[in-house]
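Engineer: One predicted model, sequence on top.
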Amino acid sequence: MKGIDISNHNGIIDFNQVMAAGIQAVIIKATEGVDYTDPLLEEHYKNASGTGLAIGFYHFMSEKTEPTQQAIDFYNAIKDKEYNIFPVLDIESNTYGRSKLGVTDRCIEFLEKFKELSGIDCIVYTYVSFANDYLDNRLAKYKCWIAHYGVDTPSSTLAWANNYVGHQYTDKGSVSGIRGNVDLNNFTDGILLSNTSVVSNVTSRTFESDSWIVSLQNECNAQGFSNQVVDGIPGPKTLAACPILREGAKGNITKLLQEKLRIIADGIFGINTREAVLAFQINNGLTPDGIVGQNTWSKLLGI
C-alpha cells in the first residue's frame, strides 16, 4: 500500500490528485510536544476526508515535556476525528543524551497513557539508527513503522524494528497535488484499524457494517454520550462514547452489552453480567475487574 506522511511543511495539498497518483494512505501530523497542534491539521484532515484515502495521525515526541501530557494532547487533538489507521508515535531525537532505558521509558509512558485514554495502541515510527541506539525490545508488542532510505527492505540490529508495518523509503518523493518533496512509504494492511480494507488500485474503501454497532451508536447518541455518524463501523468516536458500566448499571446500553456477551438481556448489570464480563476479560487478556471501561469496550467493538 503506497502512502505519504505530511505536516504543515507540505503546505496545502490537493488530495484528489494525490489519490489519482496511486497513493492510498495519508498520515497527518497532529501534535508535537505539549500545547502544539500542527497549523494545517484541520485543513489537511478536511481535505483528505471523503477522497477514499485511508487516514491516520501522528504525534512528534518532544524531549522537553512530559510524555503523559503529550499523550493527552494527542488524544484530544484527534478524538473527534474519523480515522482508520492506527495512531502513530514519532520518536527520532535524543539531544538530551538519555540512555536507551530512559528513552524507551518515555515512549512506554506515552503509549500506555494514550491506550488508557483511547483503548487503541499506537504504531511507533523511528529511524533504523535511532532504533538501534536508543530503543529496547520492551517495544516489541507495538507495531513499527521504520525509516530506512535507499533500500528495498529496512533492517535493524533491533529485532523489533524488523517486524514493521511501514517502510519510509525516501523523504524526497514527488507526488501530484503536493508542491515540493514529500515522504513516501510502503505500508502493509497492519497499519489499518479493524473492519477496514484498502485494495490496491481501487479508489474506495470497503467496510463491514454491524447491526449491533448501529444499535450501540444510536443509543450513545440518544443518551447524549456522542453525536456520531451511525454507520455500523466501530471507530474512535464510537469507543469514546461508550460509558463505563459496572454492577448496578441499568438501561439500554447495559442491555446491548448483555446481548454482545450472549447472556439474558434484561438491561440490569447484576452478578450474572459481572461474571460474564470477568470471563470475557480473562479470555481476551484484559485485567479481570468486572468493569466495562475503555479497554473492555475496545475488545467488544473489535478495535
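Structural biologist: Noted; the coordinates are in hand.

Engineer: Show me the domain layout of the chain.
Structural biologist: Per the record, the chain has its domains at 2-193, 211-301, by automatic domain parsing.

Engineer: These into CSV, with extra columns for mean pLDDT and mean neighbour count?
Structural biologist: Just so you know, the C-beta spots here come from the backbone N, C-alpha and C atoms, and that holds for glycine as well. Compiled in CSV, the domains of the chain are given as follows (pLDDT from 0 to 100; neighbours: other CB atoms under 10 Å):
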stretch, mean pLDDT, mean neighbour count
domain 2-193, 94, 18
domain 211-301, 92, 17
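
Engineer: what ranges do the helices span in the stretch 1-150 of the chain?
Structural biologist: Using DSSP state H, counting those that start in this stretch, the helices of the stretch 1-150 of the chain run over 15-20, 41-48, 67-78, 100-118, 128-134.

Engineer: Show me how far the first one is from its chain's centre.
Structural biologist: What that stands for is helix 15-20. With CA atoms, centre = their mean, to the nearest Å as the basis, helix 15-20 stands 23 Å off its chain's centre.

Engineer: what does it contact?
Structural biologist: 4, 26, 47-48, 51-53, 175-178, 203 (CB atoms under 8 Å, 6 or more residues apart in numbering).

Engineer: Filter those residues down to the ones in strands?
Structural biologist: Counting by DSSP state E, the contacts of helix 15-20 place 4, 26 in strands.

Engineer: ok, so of the contacts of helix 15-20, who is nearest Leu40?
Structural biologist: For the contacts of helix 15-20, the closest approach to Leu40 (CB to CB) belongs to Asn47, at 9.4 Å.

Engineer: how about the nearest residue to Ser62, chain neighbours excluded?
Structural biologist: Excluding the flanking residues, the one nearest Ser62 by CB to CB, 6 or more residues apart in numbering is Gly33, at 3.0 Å.

Engineer: List the residues that contact the one you found.
Structural biologist: By CB under 8 Å, 6+ apart, Gly33 lies in contact with 60-62, 64-65, 70.

Engineer: Next, format those as a markdown table and append distance to Val124.
Structural biologist: Putting these into a markdown table (distance: CB to CB, whole Å) gives the following:
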| residue | distance to Val124 |
| --- | --- |
| Phe60 | 12 |
| Met61 | 10 |
| Ser62 | 16 |
| Lys64 | 20 |
| Thr65 | 18 |
| Gln70 | 14 |
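
Engineer: Can you flag which of those belong to strands?
Structural biologist: Going by DSSP E, the strands hold Phe60 from the contacts of Gly33.

Engineer: about what we covered before: can I get the helices of the stretch 1-150 of the chain in JSON lines including distance to Arg246?
Structural biologist: Below are these laid out as JSON lines (distance: least, CB to CB, whole Å):
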{"stretch": "helix 15-20", "distance to Arg246": "43"}
{"stretch": "helix 41-48", "distance to Arg246": "35"}
{"stretch": "helix 67-78", "distance to Arg246": "23"}
{"stretch": "helix 100-118", "distance to Arg246": "17"}
{"stretch": "helix 128-134", "distance to Arg246": "41"}
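
Engineer: Can you tell me which of the contacts of helix 15-20 lies closest to Thr157?
Structural biologist: Thr157 has its nearest neighbour among the contacts of helix 15-20 in Ile4, at 28.1 Å by CB to CB.

Engineer: partners of the closest one in the sheet?
Structural biologist: Beta bridges link Ile4 to Val26, Leu184, judged by DSSP bridges.

Engineer: how close does it sit to Asn186?
Structural biologist: Between Ile4 and Asn186 the distance is 11 Å, computed by CB to CB, to the nearest Å.

Engineer: Next: Ile91.
Structural biologist: Ile91 sits 20 Å away from Asn186, going by CB to CB.

Engineer: And for Gly290?
Structural biologist: Applying CB to CB, the value for Gly290 to Asn186 is 43 Å.

Engineer: Dump stretch 279-296 to PDB, keeping only the CA atoms.
Structural biologist: Taking Å, rounded to 0.1, in the frame of the first residue of the first chain, the C-alpha atoms of stretch 279-296 are listed here in PDB:
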ATOM      1  CA  ALA A 279     -15.000 -14.300  31.800                       C
ATOM      2  CA  PHE A 280     -14.800 -12.100  28.700                       C
ATOM      3  CA  GLN A 281     -11.900 -10.100  30.100                       C
ATOM      4  CA  ILE A 282      -9.900 -13.200  31.100                       C
ATOM      5  CA  ASN A 283     -10.500 -14.700  27.600                       C
ATOM      6  CA  ASN A 284      -9.200 -11.500  25.900                       C
ATOM      7  CA  GLY A 285      -6.100 -10.900  28.100                       C
ATOM      8  CA  LEU A 286      -7.600  -8.000  30.000                       C
ATOM      9  CA  THR A 287      -7.300  -7.200  33.700                       C
ATOM     10  CA  PRO A 288     -10.400  -9.000  35.200                       C
ATOM     11  CA  ASP A 289     -12.200  -6.400  37.300                       C
ATOM     12  CA  GLY A 290     -15.800  -6.900  36.100                       C
ATOM     13  CA  ILE A 291     -16.000  -3.200  35.000                       C
ATOM     14  CA  VAL A 292     -16.600  -2.400  31.300                       C
ATOM     15  CA  GLY A 293     -14.200   0.500  30.700                       C
ATOM     16  CA  GLN A 294     -12.400   1.700  27.500                       C
ATOM     17  CA  ASN A 295     -10.100  -1.400  27.200                       C
ATOM     18  CA  THR A 296     -13.000  -3.800  27.500                       C
END
